[in-house]
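The sequence and its predicted three-dimensional model are supplied below.
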Amino acid sequence: MLSVLAASTPLLLAATGELVTERAGVLNLGVEGMMIVGAACGFGGAWLSGSIIIGALCGIVAGILMSLIFALMTLGLAVNQVATGLALTILGIGLSGLIGARFVGEKITPAPHLHIPGLSDIPLVGRILFGEDGFVYLSLALIVAVWYVLYRTRPGLILRACGDNHVSAHALGYPVLRIRMYAVMFGGACAGLAGAYLPLAYTPFFIPGMTAGRGWIALALVVFASWRPGRLVAGAYLFGAVTILQLHAQGAGLGVPSQLMSALPYLATVIVLVLISRARSGGSTAPAALGTVFVPDR
Amino acid sequence: MSDLSPAALNPGAVPLLRTVGLTKRYGSFLANDKVDIDIWPQQIHALLGENGAGKSTLVKTIYGLIQPSEGKMHWQGQPMVLSGPSEARAHGIGMVFQHFSLFDNLTVAENVALGLDGAESFKDVSARLEQVSRTYGLPLDPKREVWQLSVGERQRIEIVRALMQDPKFLILDEPTAVLTPQEADQLFIVLERLKEEGRAILYISHKLEEVKRLCDTATILRGGKKVATCNPKAETAASLARMMVGGEIKKVKAAASRQIGVPRLVVNDLSLLPDDPHGVRLEHISFELRGGEILGIAGVAGNGQDELFAALSGERLSKDPLTVVIDGQSAGHLSITQRRKLGAAFVPEERLGHGTAPRMRLSENALLTGHAASNMVQHGFVNTAATLKTVDRATETFDVRKAKRDPEAASLSGGNLQKFIVGREILRQPGVLVVNQPTWGVDAGAAAVIRQALLDLAARGAAVLVTSQDLDELAEITDRIAVMFHGHLSVPLPTAEASREKLGLLMGGSSIEPTTEAPHAARA
C-alpha cells in the first residue's frame, strides 16, 4: 500500500503538467523525454550538492528547458506537435544517458519520509496519511491548485479558452502563443520534477531509462481522466496500484503474464475513451483545439 | 444629392472616430490603401465592398487586432494608437464578429466574461448579463454551453457581450447572414435602439436592401481604396452595386423558353435519423424535380439542409432504394460514385474540406469527383493530361482567377474556388445537380457567374436543386421554392407566389394558413 503512493506520485506529477498543457490546446508527447532528462539532472544535482531540494530544482529546470525546445518548434515555428513531441522523447532518452553516464552506480540518501509523532504512528492509515515523503503531498497540493486555477480563476478560464478555440481567443485579444508557452513550460516543470522523483525518492540511484515508460502512462492518464483534475488523481492512484500489483503478482508467482499487467493502464485508457464517446451527449471532452497549430495573422 | 452628414449640419463637430490615410500592406499587396472614414455618434454607417475589398482589414485595424502600416486614427479628436483589442474596448469600441468568436465548450457566462476585461467578479458578470439581455430583448441562459445553442442565440451572445462593455461604437460584421428575415427584423430593432441611445454603429453587409433600409451613411471600398461615401437611402441597390464592383454587374438572365421535361430527381417519403447527436432528423421528405427546372430550398441553417444533402448525394445511404430516384433509377441505396454514374452531381456547402481537399491541386480535386464517369482514369492509372484539361476548361468557362495553372485548392479565394467547383461539376454535363449554398460568402461578380451557370444548365434540360439561405438568390433563379424546418420540407411554392413574408413564416416554423395572422406570430 505504501509503495502504491510512491509509484503513483511520478505519474500524477507528470500527468498534472500534461493536463495543463493539453487544456491550453497543445499536445506534448515528449513527457517521457522530459521526465528522463529530469531524472538524470535531478540525480546529478542532488549528488553534487548533497541536497534533495537542489536536485528537485535541477530536475524542474531541466524539464522546463526541454519543454522550451518543444515550445520553440511548435509555437514559434508552427511545426507539427506530434512529430516534435516524439522527437523530444528520443532526444531526451539520448541526452539523459549522456548527462547521467557519470552518475551511474552512485548513491544518495533518498528524500526523508515525514514523521509526525503520534499521527504517523496510527496503525494502517498513519503512515499513509502522515508518513510519506514530501513529494507525495506536494503532488496532491499541486493538482488541487491546478483544479482551482483552471475552474475558479480568470487566468484558468483564459487558458481553457485558448484550448477550446484559439482563433476566437486571438480575436478577443488574448496572446494565445504566449499563454500556450507558459502552459508548455508548466508541463515541462512537472515532468522534470516527476522524473527527478524517481532517483531522489523512489530508488536512490540513477540508471539510464529508469522512467521505463511512465511518461507514456502519464499521457494515457490525461485521456483516461478526460482532462479533469479530479479524475486524474483517481486514475494516477489506480495506475500506480496496477504497477505495484504487477510486481507482487510476479513475486507471488501468479500465472498472469507480466506483459498483460503492464498493458493494463493502456487498455483501461482505450476502454475509457470508448465509454466517453458512447456516453457523450455533445460538445467535446477533449480541448477542441488540441494538437492544432496556430499562426496569428498580423 | 444633398449632404446630410453631421459635419455639414454642424461644422464645428468632431467625429467619434476619424481614420486618416489608413493603409495596411501585406508584402506588396495593399489590403487598405489610404482609407479615410468618419464615424459619428447616433449614426448607422454601412461599410460596403466585394470580398477582398478590405472591409475586414479595416475593421480589424479599428478594433486593434492588426496594426496599420501607415495612417492615423483619431478618437473624439485625440490621436489613438491601439496595440490590441482590449485597448479598443477600453476606448469604447465593441465588435460582433462574422465568424463568431465563441468557445463551444464554455458556458454563455464564461464566453461573455472572456470578452470583458476582468475587473468584475464572475458572479457580477452573470448578473449583469441577465440584466443586459433582458433590457435589449435578447434572451440568454448564462449557464448553457455554446454548442447547445442555435446560430441566432450564438449571435445574441456576441451582441450582448459587446453591449456589456457599454460601447460608444459598435462594429457588426455581416450580422444578418445567418438569420431568418424575422430574426433580422428583431436585430434591426435593437440596432435602432442603440442608435437612439447615441451610439455609433458600423455595419458590414452584402445585403444592399437591408443597408438602404437601416443605414444613414455608407462607405464603399473597392480594391482596398475608399471609392465613395454616400447616403444609401438616396441610392438604389443597383447604383450601390455599381460602385462596389466598379462597373455593371452582368444581369443574370434566364433563357427565354425553358422546356420542363420529365422528372429527373424524385424523393419519396425520405426519413432518416441523424448520425450525430446534434443532427436533424429528416421527416417524410417528398418532392419531384423535372428536367429544366430549378427548385430552391430555403430555411435557416441547421434545419436539415445538410442532412438532406447527405441523403441525396449518397454520403448517407437509406435502406429503401426508392427514397431517392435519379433519372428513373432507384438510388437510395447507391454510393456517391454510383449516383454520379447515373448522371448526378453534387456541390456541398463547405468549399474547403468537403467540396475540395484544401492541400491538393485543382487537377487532383477534379479527379476526386470526376473519376467515376470520365476518361480521367484509364486501366487504373490516372490520366494527368485529362485532369489538367478539366482544370483548364473550368478556368476558361467560369473565369476562375488563380496564380498558376494548377495551384492548391486552398490558395484560391472563396469566390474563385466556388466557381471552380461548380464548373467542375457542370462540365460533367450532369442530368441532376444538387448544390448547397452556391454563393455563400462569394462576391457579387462571382455570384452572378455561378447563378448564370445554374440557369444555363437547367436550360439544357438538367434538374437543379439549390439550397440557399439567401432568399434574393432563390427568387432570382428558381422556379419553385420549398422551405426546410426541423427536418420537414414544405410543399414547394411557385417562386412568383413565394413572398418574403410567406417564406419567413415557413422558416420560423409556422404553416401558412390563409388566415391573417400577424407576422410576429412566427417567433415563439
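The structure has been received and is ready for your questions.

so what's residue A:246 up against?
A:258, A:261, A:262, A:264 (Cβ atoms under 8 Å, 6 or more residues apart in numbering or on different chains). Quick note: C-beta positions are derived from backbone N, CA and C, even for glycine.

Confirm for me that the first one is in contact with residue A:249.
Just to be clear, that refers to residue A:258. Yes: using Cβ atoms under 8 Å, residue A:258 makes contact with residue A:249 at a distance of 7.3 Å.

So if I had to pick from those two, which one is more boxed in?
residue A:249 (17 against 12; other Cβ atoms under 10 Å in any protein chain shown).

Next one: whichever residue of the stretch 1-150 of chain A sits closest to chain B from residue A:190, what distance?
Relative to chain B, the nearest point of the stretch 1-150 of chain A is residue A:23 (10.9 Å; Cβ to the nearest Cβ). Distance, residue A:23 to residue A:190, by Cβ to Cβ, to the nearest Å: 13 Å.

for residue A:294, same thing?
From residue A:294 to residue A:190 the distance is 23 Å (Cβ to Cβ).

These two: which has the busier surroundings?
Taking neighbours as other Cβ under 10 Å, residue A:294 and residue A:190 compare with residue A:190 leading, 33 against 18.

For the more buried one, which residues are in contact?
Residue A:190 neighbours (Cβ under 8 Å, 6+ apart): A:13, A:14, A:16, A:17, A:18, A:20, A:63, A:142.

do residue B:175 as well
Each residue near residue B:175 by Cβ under 8 Å, 6+ apart is listed here: B:96, B:98, B:155, B:159, B:187, B:203, B:205.

and the third one, how many neighbours does it have?
Residue B:155 sits with 24 neighbouring residues when counted by other Cβ under 10 Å.

I figured it hits residue B:98, correct?
No: taking contact to mean Cβ under 8 Å, the distance of 10.0 Å between residue B:155 and residue B:98 leaves them out of contact.

Can you tell me how far the closest residue to chain A within the stretch 401-524 of chain B is from residue A:217?
Closest contact between the stretch 401-524 of chain B and chain A, by Cβ to the nearest Cβ, is at residue B:410 (13.9 Å). In this view, residue B:410 and residue A:217 are 38 Å apart by Cβ to Cβ.

Equivalent analysis for residue B:168, please.
Taking Cβ to Cβ as the measure, residue B:168 and residue A:217 are separated by 55 Å.

Could you check which of these two has the larger neighbour count?
residue A:217 (28 against 19).

mind checking which helix or strand residue B:42 is in?
Residue B:42 is part of no helix or strand when elements are defined by DSSP states H and E.

What's the local residue count around the residue nearest to it when sequence neighbours are not counted?
Leaving aside its chain neighbours, residue B:42 sits nearest to residue B:198 (5.2 Å; criterion: Cβ to Cβ, 6 or more residues apart in numbering or on different chains). A total of 10 residues lie near residue B:198 under the criterion other Cβ under 10 Å.

do the same with residue B:166
11.

same deal with residue B:378?
Counted with other Cβ under 10 Å, the neighbours of residue B:378 add up to 9.

Just list whatever residues bridge to it.
residue B:381 (DSSP bridges).

What distance do you get for it to chain A?
Counting by Cβ to the nearest Cβ, to the nearest Å, the gap from residue B:378 to chain A is 36 Å.

Give me the three-state assignment for the closest residue to chain B within chain A.
Residue of chain A nearest chain B, by Cβ to the nearest Cβ: residue A:173 (3.3 Å). At residue A:173 the chain is in coil, as set by DSSP: H, G, I helix; E, B strand; the rest coil.

Setting aside sequence neighbours, what's the nearest residue to it?
Once flanking residues are discounted, residue A:173 sits nearest to residue B:85: 3.3 Å by Cβ to Cβ, 6+ apart.

For chain A, give me its nearest residue in the stretch 1-150 of chain B.
Per Cβ to the nearest Cβ, residue B:85 is where the stretch 1-150 of chain B lies closest to chain A, at 3.3 Å.

from what I can see that residue touches residue A:172, true?
Yes: counting by Cβ under 8 Å, residue A:172 is a contact partner of residue B:85 at 6.2 Å.

Name the residue in the two with the higher neighbour count.
For residue B:85 and residue A:172, the more surrounded residue by other Cβ under 10 Å is residue A:172, and the numbers stand at 26 against 23.

mind checking how far the more buried one is from residue B:114?
From residue A:172 to residue B:114 the distance is 6 Å (Cβ to Cβ).

Next, show the common contact partners of the two.
With contacts defined as Cβ under 8 Å, 6+ apart, the residues shared by residue A:172 and residue B:114 are residue A:161.

what is the mean pLDDT for stretch B:204-214?
Averaged over stretch B:204-214, pLDDT sits at 85.

Show me which positions of stretch B:259-277 end up buried.
Neighbour counts using 16 or more other Cβ atoms under 10 Å in any protein chain shown place B:264, B:265, B:266, B:267, B:268, B:270, B:272, B:274 of stretch B:259-277 among the buried residues.

so where do the strands sit in the stretch 401-524 of chain B?
B:432-436, B:463-467, B:480-485, B:488-489, B:493-494 (DSSP state E, counting those that start in this stretch).

The fourth one pairs with which strands, and in what direction?
Just to be clear, that refers to strand B:488-489. Strand B:488-489 pairs in its sheet with strand B:480-485 (antiparallel), by DSSP bridges.

Quick one: mean pLDDT over the strand it pairs with.
93.

Kindly report the same for stretch A:243-258.
Here the average pLDDT along stretch A:243-258 is 76.

Kindly tell me how buried residue B:322 is, as a neighbour count.
15.

Kindly report the same for residue B:364.
Neighbour tally, residue B:364, other Cβ under 10 Å: 18.

could I get the helix or strand it falls within in PDB with only the CA atoms?
If you go by DSSP H and E, residue B:364 is part of helix B:362-370. Extracted in PDB, the C-alpha atoms of helix B:362-370 (Å, rounded to 0.1, in the frame of the first residue of the first chain):
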ATOM      1  CA  LEU B 362      -7.100  21.600 -58.600                       C
ATOM      2  CA  SER B 363      -6.400  18.800 -61.000                       C
ATOM      3  CA  GLU B 364      -6.400  16.200 -58.200                       C
ATOM      4  CA  ASN B 365      -9.600  17.700 -56.900                       C
ATOM      5  CA  ALA B 366     -11.100  17.400 -60.400                       C
ATOM      6  CA  LEU B 367     -10.200  13.800 -60.300                       C
ATOM      7  CA  LEU B 368     -11.800  13.200 -56.900                       C
ATOM      8  CA  THR B 369     -15.300  13.700 -58.300                       C
ATOM      9  CA  GLY B 370     -14.600  13.100 -62.000                       C
END
